[in-house]
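Undergrad: give me the fold of what follows.
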Amino acid sequence: MKKAIYVVTVLFLFSSFLMAQEKNVDLKPTGGNPSVVFGPQTDETFVDIAESFEGTFPPTGWVKYSPDGGTGWNQQTAGTAPVPGWQGANAVTPVPNGLGGSKMAFCTWNTGGATSNDQWLVTPQVTNLTSNAVLKFWVRKFSEYNDVLKVKISTTTNQMASFVDLQTYNYIGTTDTGWVQKTISLSAYAGQSVYIAFQEVVADNYNDGGALFLDIVELNSGNIPVELTSFVANVVDGKVSLAWSTATETNNSGFAIERSANGVDFTRVGFVEGKGTTTERNSYSFVDNSVNTGKYTYRLKQTDFDGSFEYSKSIEVSVGIPTEFSLSQNYPNPFNPSTTINFALPKSSNVKLTIYNALGKEVATLVNGTMEAGNHSAVWNASNNASGMYFFKLEAGSFTSTKKMMLIK
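TA: Numbers count the residues shown, from 1 in each chain. The predicted structure follows:
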């Protein structure tokens with residue numbers, strides 16, 4: 001299949017017959033200066049990575065480079081059609097396990113330079129790898145055009161010159177690979193601290209360069225006793241509700257909950273016992289009743305039976321009347337059989353919170369009536385529902401928001 005740049009003389013007569021995966025050359029960048037973009041800065045020391053690109057892009061601690069002058073890696077949302085930069089009805093699809101959320105990292109020929117592609121997305125540093133360290137990620141390559149994804153590693157800095165090739169994926173003549181999970185052992189780097197880079201590179205983006213999607217990037221250093229997969233805070237009826245989950249635990253005595261009013265000085269406000277050693281997913285919660293109006297920072301201090309400990313990421317929450325309508329992601333997610341949905345109302349409103357299945361059929365109404373301003377929550381017990389994707393929709397006055405969730409039995 002020839003690219004549009006070579007068929008412009010017949011484009012007018014045959015535009016309705018263009019193949020579904022033809023590039024849209026109207027989106028072609030015109031070049032520019034090489035650029036670098038950093039995600040939001042943080043003082044946190046990263047010891048592990050579990051990134052699904054749902055928030056700010058690039059994510060906190062990540063950095064992207066565009067030495068060819070293009071816009072570089074960006075963020076796309078599942079359901080977008082056609083695939084950005086391409087013609088036809090082919091849509092951006094989510095990772096099949098349902099755990100990747102609705103967004104992902106994305107790059108293609110028209111996010112590269114004027115004639116060639118060199119697009120980098122670099123992780124934060126992961127420290128002190130062991131022989132069990134492993135990198136996992138999901139990738140999808142779309143279109144018949146040849147493309148190259150290089151996974152690189154650096155043991156010094158996150159600057160491009162410091163990276164060496166770790167693994168190269170050459171995509172040749174495949175229309176759509178679908179989502180595929182890749183696993184790379186990092187045992188050769190035991191005892192070292194590393195950065196990982198994902199580089200999409202082709203010398204001629206008219207004759208090469210497809211579309212690449214990246215999601216659920218996980219780097220386990222191998223020395224973390226507890227794999228924390230989520231940690232969230234919500235305000236419900238003037239109290240702070242904390243919830244977190246783990247994928248695995250080793251010799252986990254439990255979690256001390258620490259709170260700070262200034263983000264610096266922390267005080268222990270509670271303790272939740274751990275599960276010892278387990279490979280099953282576990283969910284935990286804690287409610288802090290002793291808070292007044294204001295902003296608070298929380299963190300978890302996970303302690304082993306031998307007294308060693310690790311701190312989680314810190315999260316902030318504001319206690320008081322909300323300033324805007326909002327609908328939070330349900331927790332836990334995935335869930336079985338119950339999950340909690342939190343939402344905020346800045347003023348008294350007529351509220352309806354509805355659950356739909358993947359076919360758009362209403363399966364439950366959790367709230368339907370007038371509610372006062374504040375932070376609220378509702379619990380959905382899906383014991384009588386089948387596994388699969390569901391959607392929850394909040395309608396409050398003129399405000400409407402819909403999110404998806406996964407029930408796994």
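Undergrad: all strands of the stretch 51-200 of the chain, in order?
TA: Ranges of strands in the stretch 51-200 of the chain, per DSSP state E, counting those that start in this stretch, are 63-66, 74-77, 103-108, 117-122, 134-142, 147-154, 164-171, 180-185, 195-202.
Undergrad: let's have those in CSV, adding distance to Ala378, mean neighbour count and mean pLDDT.
TA: Quick note: C-beta positions are derived from backbone N, CA and C, even for glycine. Listed next are those as CSV, based on distance: least, C-beta to C-beta, whole Å; neighbours: other C-beta atoms under 10 Å; pLDDT from 0 to 100:
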stretch, distance to Ala378, mean neighbour count, mean pLDDT
strand 63-66, 38, 22, 97
strand 74-77, 26, 17, 96
strand 103-108, 25, 26, 96
strand 117-122, 37, 25, 98
strand 134-142, 32, 21, 95
strand 147-154, 42, 20, 98
strand 164-171, 44, 13, 97
strand 180-185, 34, 12, 95
strand 195-202, 39, 23, 98
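Undergrad: nearest to Val379, out of these?
TA: strand 103-108 (26.4 Å; C-beta to C-beta).
Undergrad: in CSV: the strands of the stretch 51-200 of the chain, plus distance to Pro334.
TA: Shown next, in CSV, are the strands of the stretch 51-200 of the chain (distance: least, C-beta to C-beta, whole Å):
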stretch, distance to Pro334
strand 63-66, 29
strand 74-77, 20
strand 103-108, 17
strand 117-122, 26
strand 134-142, 16
strand 147-154, 28
strand 164-171, 29
strand 180-185, 17
strand 195-202, 26
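Undergrad: nearest to Val319, of these?
TA: Checked against C-beta to C-beta, the stretch from the strands of the stretch 51-200 of the chain lying closest is strand 103-108, at 28.8 Å.
Undergrad: list of residues touching the closest one?
TA: With contacts defined as C-beta atoms under 8 Å, 6 or more residues apart in numbering, strand 103-108 is touched by 52-54, 57, 72-78, 83-86, 92, 94-95, 117, 119, 121, 198, 200, 209-215.
Undergrad: lowest average confidence, helix or strand, in the protein?
TA: Within the chain, no helix or strand scores below helix 11-14, which has a mean of 36 by mean pLDDT, DSSP states H and E.
Undergrad: buried residues in the longest strand along the chain?
TA: Criterion DSSP state E: the longest strand present in the chain is strand 239-260. Judged by neighbour count using 16 or more other C-beta atoms under 10 Å, the buried positions of strand 239-260 are 240-249, 252-260.
Undergrad: point out where the protein drops to low pLDDT.
TA: Counting by pLDDT under 70, the chain shows low-confidence ranges at 1-21, 24-47, 223-225.
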